[in-house]
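**Q** everything below, folded, please.
(2 chains)
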2 protein chains.
Amino acid sequence: MRRFVVVGHNVNADGDFTLNDLCGGAGRLDVLLRCVTSAFFLSHGLRREVEVILHFPGQGGFQGLQPDGPKTVRLAGRELRYLNPDERSTGALVRTALLRKLPGPGERPSTPGIYVSRKSFDELVSSLPGPVQLAEDGEGWPPAGLPADTTFYLSDHHDFTPAEEESLRRANARRICLGPTSLHSHHCITVAHWLLDGGPSTGRPG
Amino acid sequence: MRRFVVVGHNVNADGDFTLNDLCGGAGRLDVLLRCVTSAFFLSHGLRREVEVILHFPGQGGFQGLQPDGPKTVRLAGRELRYLNPDERSTGALVRTALLRKLPGPGERPSTPGIYVSRKSFDELVSSLPGPVQLAEDGEGWPPAGLPADTTFYLSDHHDFTPAEEESLRRANARRICLGPTSLHSHHCITVAHWLLDGGPSTGRPG
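**A** A predicted model of the protein is given here:
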């Protein structure tokens, strides 16, 4: 299982936003939606052995402006349906999950393959196996002994907060660097998949 | 210069579509918009030494349903302004270019860094240097002697038409394979950039 956790520090965790303004009023939800597409889509079909977890810290997050957090939306590749590669329709699925009533601490189903809970970032990090933080000062690729069950942690257009960094440190997350150029989170997911798939083709000789 | 030509066989080349339905009524323009984002965006800034050319074959294209083609929209990294990474705002820029009146055969400016013309696919292929077609049966990576000025050709969710394939063959386009997994066009652009940037980090040892 390849798992990608992406934190959206500014996203309105109450789901009260329009799909016409995903990069504005929704608090840069667009960044996370591109991560979802990069994580799941192949040219012909979905990567079923993938899980994406979108985390919205809410009041404890950046700028303290996000109501109704923390919330965590989990997309399970094995069960997903109705996922299309465009930002708007994926945004609608995530908004539906955020609008779901959450009376207790447990995880509740939203649309098929999508679940929502009030899990905190620290709870996530301490419960998911094989934590890896993609970081420019990390060890080079290929990392020795990467387990098959790996959880990659990425942030949106902001860095992780000191508290999030501390959670990752406590979980002994490995820090791995993909290359010399600083990329968007969803581009990192594409490259990580490609490397884990086996890297360049040995194809026919040039 | 890295140049990416992407063909949108089903896109309404007259620009008569709503931004709320980029993957439906606009004829899968969303696929090409993701290619634009992958081609230009770095974590902090734009790749200026990149050009993206979106080609809309129009009546000669798939299913014969696209009015007012062929049209070619060129995005020049060195001059681009107002480009954001989300699909909707990039779709607005491309639509503005497609709505531009084109009285003659020449290229006309639209918004800063974006130009539109009635160039055909064959005219494009015969005028741009270093043609490379990303293809699953191509030579493996790294390709020997790839010129610095390379034009990569990609198609949307459809294959190239026989006429397009013939144009590429006549231009002696090289066929290169990125890896064993079949990826979306915009994921191919991300991986190609990453490989051309120098591939994996040599980072600190793991």
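**Q** so which residue is smack in the middle of chain A?
**A** In chain A, the residue lying closest to the centroid (CA atoms, centre = their mean) is residue A:6, at 2.9 Å.
**Q** is it correct that it is in contact with residue A:155?
**A** Yes - applying CB atoms under 8 Å as the test, residue A:6 and residue A:155 come out as touching, 7.3 Å apart. Heads up, the C-betas are built off the backbone N, CA and C, glycines and all.
**Q** what do these two both touch?
**A** residue A:185 (CB atoms under 8 Å, 6 or more residues apart in numbering or on different chains).
**Q** before we move on, the earlier item: and the residue nearest to the centre of chain A, how far from residue A:187?
**A** In this view, residue A:6 and residue A:187 are 13 Å apart by CB to CB, to the nearest Å.
**Q** where are the low-confidence patches of chain A?
**A** Across chain A, the ranges flagged by pLDDT under 70 are A:59-67, A:201-206.
**Q** after the biggest strand by length in it comes which helix or strand?
**A** If you go by DSSP state E, chain A has its longest strand at strand A:131-139. Going down the chain from strand A:131-139, the next helix or strand is strand A:150-155, by DSSP states H and E.
**Q** direction included, what does that following strand pair up with?
**A** Under the criterion DSSP bridges, strand A:150-155 sits next to strand A:2-7 (parallel), strand A:131-139 (parallel) in its sheet.
**Q** can I get the CA coordinates of that strand in PDB?
**A** The C-alpha coordinates for strand A:150-155 follow below in PDB (Å, rounded to 0.1, in the frame of the first residue of the first chain):
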ATOM      1  CA  THR A 150       4.800   3.500   3.200                       C
ATOM      2  CA  THR A 151       3.100   6.700   4.200                       C
ATOM      3  CA  PHE A 152       4.300   9.800   2.500                       C
ATOM      4  CA  TYR A 153       3.600  13.100   4.200                       C
ATOM      5  CA  LEU A 154       3.300  16.300   2.100                       C
ATOM      6  CA  SER A 155       2.200  19.800   2.800                       C
END
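**Q** and the next helix-or-strand element following it, what's buried?
**A** Note on strand A:150-155: by DSSP H and E, the next helix or strand toward the C-terminus is helix A:162-170. Under the neighbour-count criterion of 16 or more other CB atoms under 10 Å in any protein chain shown, helix A:162-170 has A:164, A:167, A:168 buried.
**Q** just stretch A:145-164 next, same as before
**A** A:146, A:150, A:151, A:152, A:153, A:154, A:155, A:156, A:157, A:160, A:161, A:164.
**Q** now find how far off-centre it is within its chain.
**A** Averaging C-alpha positions (CA atoms, centre = their mean, to the nearest Å) puts stretch A:145-164 9 Å from its chain's average.
**Q** could you dump the buried residues of stretch A:145-164 to TSV with distance to residue B:134?
**A** Below are the buried residues of stretch A:145-164 laid out as TSV (distance: CB to CB, whole Å):
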residue	distance to residue B:134
A:146	27
A:150	28
A:151	31
A:152	26
A:153	30
A:154	26
A:155	30
A:156	29
A:157	29
A:160	34
A:161	39
A:164	37
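**Q** picking up where we left off before, from the strands paired with strand A:150-155, which stretch is densest packed?
**A** Sort the strands paired with strand A:150-155 by mean neighbour count, taking mean count of other CB atoms under 10 Å in any protein chain shown, and strand A:2-7 sits at the top with a mean of 24.
**Q** anything in the helix or strand following that one near chain B?
**A** The first helix or strand that comes after strand A:2-7 along the chain, using DSSP H and E, is helix A:29-40. Yes - legend: contact between helix A:29-40 and chain B by CB under 8 Å from any CB of the partner chain is shown at A:30, A:31, A:34, A:37, A:38.
**Q** if I pick the second one, what's in contact with it?
**A** Residues counted as contacts of residue A:31 (CB under 8 Å, 6+ apart) are A:6, A:8, A:23, A:156, A:157, A:184, A:185, A:186, B:85.
**Q** sorry, back to before: residues in a beta bridge with the residue nearest to the centre of chain A, which ones?
**A** residue A:54, residue A:154.
**Q** ok, it - contacts?
**A** With CB under 8 Å, 6+ apart, residue A:6 has these contacts: A:31, A:32, A:35, A:52, A:53, A:54, A:55, A:154, A:155, A:156, A:185.
**Q** repeat for residue A:77
**A** Applying CB under 8 Å, 6+ apart, the residues near residue A:77 are A:40, A:46, A:47, A:48, A:49, A:50, A:51, A:52, A:113.
**Q** list phi and psi for the closest residue in space to the first one that isn't next to it in sequence.
**A** What sits nearest to residue A:40 in space, not counting adjacent residues and going by CB to CB, 6 or more residues apart in numbering or on different chains, is residue A:46, at 5.0 Å. Geometry field for residue A:46 lists phi and psi as phi -110, psi 150, criterion degrees, to the nearest 10.
**Q** circling back to that earlier point, closest one of the buried residues of stretch A:145-164 to residue B:140?
**A** residue A:146 (23.5 Å; CB to CB).
**Q** does that closest one touch residue A:139 like I think?
**A** No - counting by CB under 8 Å, residue A:146 stays clear of residue A:139, with 10.4 Å between them.
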